[in-house]
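In: give the three-dimensional model of this entry:
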Amino acid sequence: MNWQEISGNWVHIPPRTRGIIHFLGGAFLAAAPQVTYRWLLEQLSLQGYAIIATPFVSNFDHGAIASDILDRFEWCVEQLRLSHKLPKRYLPIYGIGHSMGCKLHLLIGSLFDVDRAGNILISYNNYPARRSIPFLELVEQLPTTWGAKLPQAFSVEFTPSPEETNDIIAKNYQIKRNLIVKFKNDTLDQTLLLFPVMKERFPDLVSMLTIPGNHLTPLSQDPGWKSGTEFSPLDAIAQWVRLEMYREPVRLKDEILRWLNPIPSMRPLN
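Out: Numbers count the residues shown, from 1 in each chain. The predicted structure is shown next:
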């Protein structure tokens with residue numbers, strides 16, 4: 001099926017559904033997740049997972065964003081079941097987040113009573129506003145001759161702040177099974193700060209995986225190269241380039257599916 005918008009979410013449902021993935025993207029990328037993360041999400045859908053990707057516009061109140069996202073997601077699931085697009089039987093729900101999406105899933109799992117079979121947190125990012133929004137850092141560096149009150153006017157922080165977020169997770173996070181994914185060449189990743197907090201809470205059910213890639217690996221898209229009626233040397237080169245481009249996102253996809261279905265006999269065939 002094609003993507004469809006339902007209750008403020010973008011939805012992609014396979015013919016036979018084995019579970020639900022609630023996906024949240026990174027700041028400035030999450031406004032159209034069905035476009036920016038299309039390849040990865042559709043690959044997961046091909047393996048039997050209904051994808052519900054909730055778009056959001058970033059602002060300073062991350063707690064309010066998390067609450068709004070959860071409301072839209074739960075209403076979407078209800079609408080899908082009422083319309084028989086999802087079976088009414090129990091389906092495990094997994095949260096997958098990228099960058100800021102990880103923080104939002106962590107807040108949802110800490111501040112609200114939700115039913116989740118597990119969360120996958122990719123390239124966790126929890127920087128303060130000054131680091132996340134370059135404009136704020138620029139303002140703070142303006143000459144003092146512009147007025148001593150100017151920097152104070154822009155001294156804003158996310159709610160909850162990075163420190164408050166870590167405290168909330170350490171005390172209240174309820175989702176027991178978690179996979180935290182870190183890319184080797186990701187300069188924005190803060191997984192190493194998150195992992196000990198999560199491990200302390202659920203020592204036997206939190207795992208961390210480091211794989212090749214960078215912060216943008218989950219956004220990789222299929223260039224859609226199609227061979228001509230006769231396979232030419234140009235086609236061979238294009239296919240080789242495509243394989244190289246997709247080596248890292250394919251590894252990410254495979255690791256996600258391996259964690260979702262740790263028993264090989266339970267995995268659908270490609």
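
In: quick check: which element contains the closest residue to Asn59 other than its chain neighbours?
Out: In space, and not counting its chain neighbours, Asn59 is closest to Ile65: 6.8 Å by Cβ to Cβ, 6 or more residues apart in numbering. All C-beta spots, glycine's among them, are computed from the backbone N, C-alpha and C. Element membership for Ile65, per DSSP states H and E: helix 62-82.

In: just checking, what packs against the stretch of helix or strand Arg131 belongs to?
Out: In the assignment (DSSP H and E), Arg131 maps to helix 129-132. In terms of contacts (3 or more Cβ pairs under 8 Å, 6 or more residues apart in numbering; DSSP states H and E), helix 129-132 is packed against helix 134-140.

In: contacts for the helix holding Ile65, please.
Out: 6-9, 11, 13, 20, 22, 24, 50, 52, 54, 56, 58-59, 86-88, 100, 103-104, 107-108, 111-112, 114, 158-160, 165 (Cβ atoms under 8 Å, 6 or more residues apart in numbering).

In: list the buried ones in it?
Out: 62-63, 65-67, 69-70, 72-74, 76-77, 80 (16 or more other Cβ atoms under 10 Å).

In: ok, of these, which one's closest to Pro218?
Out: Distance to Pro218, by Cβ to Cβ, is smallest for Ile69 among these, at 18.1 Å.

In: can you report how many residues lie near Leu111?
Out: The tally of other residues near Leu111 (other Cβ atoms under 10 Å) stands at 17.

In: you'd agree it is up against Ile168?
Out: Yes: in this structure, Leu111 is within contact of Ile168 by Cβ atoms under 8 Å, at 7.0 Å.

In: avg pLDDT for the helix holding Arg131?
Out: Per-region confidence: helix 129-132 scores 75 on mean pLDDT.

In: so what's the gap between that helix and the chain middle?
Out: 20 Å (Cα atoms, centre = their mean, to the nearest Å).

In: also stretch 206-215?
Out: Relative to its chain's centre, stretch 206-215 lies at 13 Å (Cα atoms, centre = their mean).

In: okay, how far is it across it, tip to tip?
Out: Using Cα to Cα, to the nearest Å, one end of stretch 206-215 lies 21 Å from the other.

In: Val106 in helix, strand or coil?
Out: Actually, residue 106 is Leu rather than Val. helix (DSSP: H, G, I helix; E, B strand; the rest coil).

In: spit out the contact partners of the residue positioned nearest the centre of the chain.
Out: The centre of the chain sits closest to Gly97, judged by Cα atoms, centre = their mean, with a distance of 2.0 Å. Taking Cβ under 8 Å, 6+ apart, we find Gly97 in contact with 23-25, 103-106, 119-122.
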